[in-house]
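>>> Below: sequence and its predicted model.
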Amino acid sequence: MATSSGAGTEVLAWPEDAIEVGFILDAWGVKGWVKVQTFASDPQAIFTAKHWFLKAPEPGGFKRPLTATAPYPPVLHITQVKVHGDGLVALPQSSTDRNSSEALRGARIFVPRASFPKASTDEFYWVDLIGLNVVNREGEAMGHVIGLIDTGPHSVLRIVPVGADPTVEAAQRLIPFVSQYVDDVSLPQRLITVDWGLDY
């Protein structure tokens, strides 16, 4: 959805399905590029999204230059994104020199969930798994997914059992997200079925 600001520029509304995908680390070079830290090993959503929606960093986060007195822009129109080393660099349309790119330091990046590339069969985005209920083959409720851990070879589901305190790590169940233990993932039913006992 878009509205006109009255000055001939387009202002995009904050997407209802916004997902945080990374943040701006710093300026890169002198021509307005920024260096980006992503939250995914395969950041295709950042590549495919032409508009990045921004929020200020959490309190105690990145410090902006003293010359950056204006608030972060609500949205960046991205003209180029490319891989550089072990990260990404991007060129916002409104960023023309190092000063303007330094002023974006620390900004949190959000993109619409709808802009994510379609996942392959038996592949899932972490954001889609968080919040799903988990049951075992016997139909016993295991809890719900509060996050995942990337171990390298595979991911591990972090599950809070029914009635447990989600802030107590010792109470969490950790189940490898591999076919040996995961029988089925139903996003429409918001349910994951696993081969796992309550006493594991």
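Happy to help now that I have it.
>>> Give me the three-state assignment for the residue lying closest to Ala56 once chain neighbours are set aside.
Nearest residue to Ala56, sequence neighbours excluded (Cβ to Cβ, 6 or more residues apart in numbering): Tyr72, at 5.6 Å. (Each C-beta comes from the backbone N, C-alpha and C, glycine too.) Classification of Tyr72 by DSSP: H, G, I helix; E, B strand; the rest coil places it in coil.
>>> next one: phi and psi at the closest residue to Pro117 other than its chain neighbours?
Closest residue in space to Pro117, ignoring its immediate chain neighbours: Gln44 at 4.8 Å, by Cβ to Cβ, 6+ apart. The phi/psi pair for Gln44 (degrees, to the nearest 10) reads phi -60, psi -30.
>>> Roughly how far does Gln44 sit from Gly85?
Distance, Gln44 to Gly85, by Cβ to Cβ, to the nearest Å: 18 Å.
>>> same deal with Ser186?
From Ser186 across to Gly85, the span is 39 Å (Cβ to Cβ).
>>> Show me this protein divided up by domain.
2-115, 126-194 (automatic domain parsing).
>>> Make JSON lines from the ones you listed and add mean neighbour count, mean pLDDT and distance to Tyr200 to it.
Conversion of these to JSON lines gives the following (neighbours: other Cβ atoms under 10 Å; pLDDT from 0 to 100; distance: least, Cβ to Cβ, whole Å):
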{"stretch": "domain 2-115", "mean neighbour count": "16", "mean pLDDT": "86", "distance to Tyr200": "28"}
{"stretch": "domain 126-194", "mean neighbour count": "15", "mean pLDDT": "93", "distance to Tyr200": "7"}
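>>> Who are the packing partners of the helix or strand where Ile159 lies?
Using DSSP states H and E, Ile159 sits within strand 155-160. If you count contacts as 3 or more Cβ pairs under 8 Å, 6 or more residues apart in numbering; DSSP states H and E, strand 155-160 packs onto strand 141-150, strand 173-176.
>>> Next, the angle from that strand to strand 141-150.
Interaxial angle, strand 155-160 versus strand 141-150 (axes from the mean of the first three to the mean of the last three Cα atoms, to 10 degrees): 140 degrees.
>>> Now Arg158: closest residue in space that isn't a chain neighbour?
The shortest distance from Arg158 to any non-neighbouring residue, by Cβ to Cβ, 6+ apart, is to Gly147 (4.4 Å).
>>> I'd like the distance between that neighbour and His84.
Applying Cβ to Cβ, the value for Gly147 to His84 is 28 Å.
>>> Ok, Gly197 next?
46 Å.
>>> Please apply the same query to Gly61.
Going from Gly61 to His84 by Cβ to Cβ gives 23 Å.
>>> Which helix or strand contains the most centrally placed residue in the chain?
The residue lying closest to the centre of the chain (Cα atoms, centre = their mean) is Val21, at 3.0 Å. Val21 is part of strand 18-28 when elements are defined by DSSP H and E.
>>> Packing partners of that strand?
Applying 3+ Cβ pairs under 8 Å, 6+ apart, we find strand 18-28 packed against strand 33-38, helix 44-48, strand 87-92, helix 98-102, strand 108-112.
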